[in-house]
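Trainee: when you get a sec, could you give me coordinates for this:
(2 chains)
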Amino acid sequence: MKECYIARSRTVAARQLGEEMVIMSAVDSTLFNLNPVAALIWQAADGKTPLAKIVEERICPAFDVEPGEALRDAEQFVSDLAAHGILLLAESPIVESSAVADKKS
Amino acid sequence: MQPGVSQRSVAPPLRLGADAVTVEIGGVPIQLHTSDPDFRRVIEERYAGFLSPSALPVCRFEIQLTSNHVPADEDVSVFRRGSTWCLQRGDFRAEWDLRRREGWIRQCANPYSIDSVLRITHSLLLAMEGGFQVHASSAIRNARAFLFAGVSGAGKTTTVKLAPPDAVVLTDEISYVRRIANGYRAYGTPFAGELARPGANATAPVQQVCLLKQSSQNRFRPVSRSNAIRALMRHVLFFAQDKELVERVLDSVVHFVSAVEVVEMEFTPDQRAWELIR
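Mentor: Got it, this is the predicted structure:
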């Protein structure tokens, strides 16, 4: 199975509000709200860590979910965000990522 | 003094002045030049309560009228090229050089186009200084401004229609919010919604933002900070495809919510709702 690498797009502004995340697209001003699970994936989207590893090391311990199910959900989630241009997806590490620390509010 | 000499010496600025209309919204004067006297009258009538001939404009636009009547059916595109903002929609093109503080607008003699250019220009100016325009009606009561935000049909227009005589309606459509030293001020705008009536050219410190929810009772319900930010972000008017400005708007809303109370306002669509607004 191919690896999936994810990186945050440079065209969005994101702010963490408590455990959740608000993301605004600079392309079309669309607003996205990420729940705590999605926010964790977003934060870990550094372009270098495979999605499977993010799920295994960050999601499963924090939310007590079964790895297979969590990975399927995560793949669906990153695919949705990629369709909106919020995340970048690749089968190899993404060098040109926007892995800048999100501001906390 | 010889009148003729005097007239000659002041002729250029007078002529320039005669072509120009300065529209001051939110304390921000923008000068509009047009050589078409009919369109100048249209502008003067549309922004009648917001004209400020003696104000020093923060920017100037030369309006170039075209005969092409293109409907406003395209999405607006706002982007920056160096120090120049470019604004485009089906019915207008405009450029605004930030350094020179001037630009041009190419449009047909349609007042809705100039309305849109002004809204966008103000949204950019506000974003740069920590303010914003938001889809909300607003009014002043007891020297404090109240904003009523909601999706279309939530009751923005209804709320200000029901305003008691002592309330000053700032807008039924787009509220104009500027950051000041110790909080925020709301300003009236000429941008009319369903009421088809411009707001009053008045201002007051923002006391409260009410997220509207029609109900069988009138009461305020608390809103968490994160929900308030999300709700406001949904209603903020912003057009630019520019990450830096989007970041600023997001920060502005976060700061605004830390400074101004945001509540959910359950209201009955009648005058009793205003018993809450004091």
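Trainee: alpha carbons only for contacts and neighbour counts from here, please
Mentor: Noted.
Trainee: how about the strand or helix carrying B:N227 and chain A, any contact?
Mentor: Take DSSP states H and E as the rule and B:N227 turns out to sit in helix B:225-235. Yes - using Cα under 8 Å from any Cα of the partner chain, we find that helix B:225-235 touches chain A at B:S226, B:R230, B:M233, B:R234.
Trainee: remind me what that helix packs against, helices and strands.
Mentor: Contacts defined by 3 or more Cα pairs under 8 Å, 6 or more residues apart in numbering or on different chains; DSSP states H and E place helix B:225-235 against strand A:31-34, strand B:132-141, helix B:243-259.
Trainee: may I see the buried residues of that helix?
Mentor: Neighbour counts over helix B:225-235 (16 or more other Cα atoms under 10 Å in any protein chain shown) mark B:R225, B:S226, B:A228, B:I229, B:R230, B:A231, B:L232, B:M233, B:R234, B:H235 as buried.
Trainee: verify the stated contact: the fifth one with A:V22.
Mentor: What that stands for is B:R230. Yes - assessed by Cα atoms under 8 Å, B:R230 is found in contact with A:V22 at 7.3 Å.
Trainee: which residues do the two both contact?
Mentor: A:N33 (Cα atoms under 8 Å, 6 or more residues apart in numbering or on different chains).
Trainee: could you measure from B:M265 over to B:F256?
Mentor: Taking Cα to Cα, to the nearest Å as the measure, B:M265 falls 18 Å from B:F256.
Trainee: quick one: secondary structure of A:V22?
Mentor: Following DSSP: H, G, I helix; E, B strand; the rest coil, the label given to A:V22 is strand.
Trainee: select the longest helix from the chain.
Mentor: Defaulting to chain A. helix A:67-83 (DSSP state H).
Trainee: not what I meant, chain B
Mentor: helix B:111-129.
Trainee: which parts of the longest helix of chain A are buried?
Mentor: A:P67, A:A70, A:L71, A:A74, A:V78, A:S79, A:L81, A:A82.
Trainee: following element in sequence after that helix, please.
Mentor: strand A:87-90.
Trainee: direction included, what does that following strand pair up with?
Mentor: According to DSSP bridges, strand A:87-90 forms sheet pairs with strand A:5-8 (antiparallel).
Trainee: what about B:Y176, neighbour count?
Mentor: Neighbours of B:Y176 under the rule other Cα atoms under 10 Å in any protein chain shown: 29.
Trainee: what does B:K161 give?
Mentor: B:K161 has 15 neighbours, counted by other Cα under 10 Å.
Trainee: likewise for the one 10 residues further on?
Mentor: Using other Cα under 10 Å as the criterion, B:T171 is surrounded by 30 other residues.
Trainee: same check on B:L276?
Mentor: 11.
Trainee: quick check, it in contact with B:Q217.
Mentor: No - under the criterion of Cα under 8 Å, B:L276 makes no contact with B:Q217, lying 11.1 Å away.
Trainee: centre-most residue in chain A?
Mentor: When chain A is reduced to its mean C-alpha position, the nearest residue by Cα atoms, centre = their mean turns out to be A:W42, at 2.7 Å.
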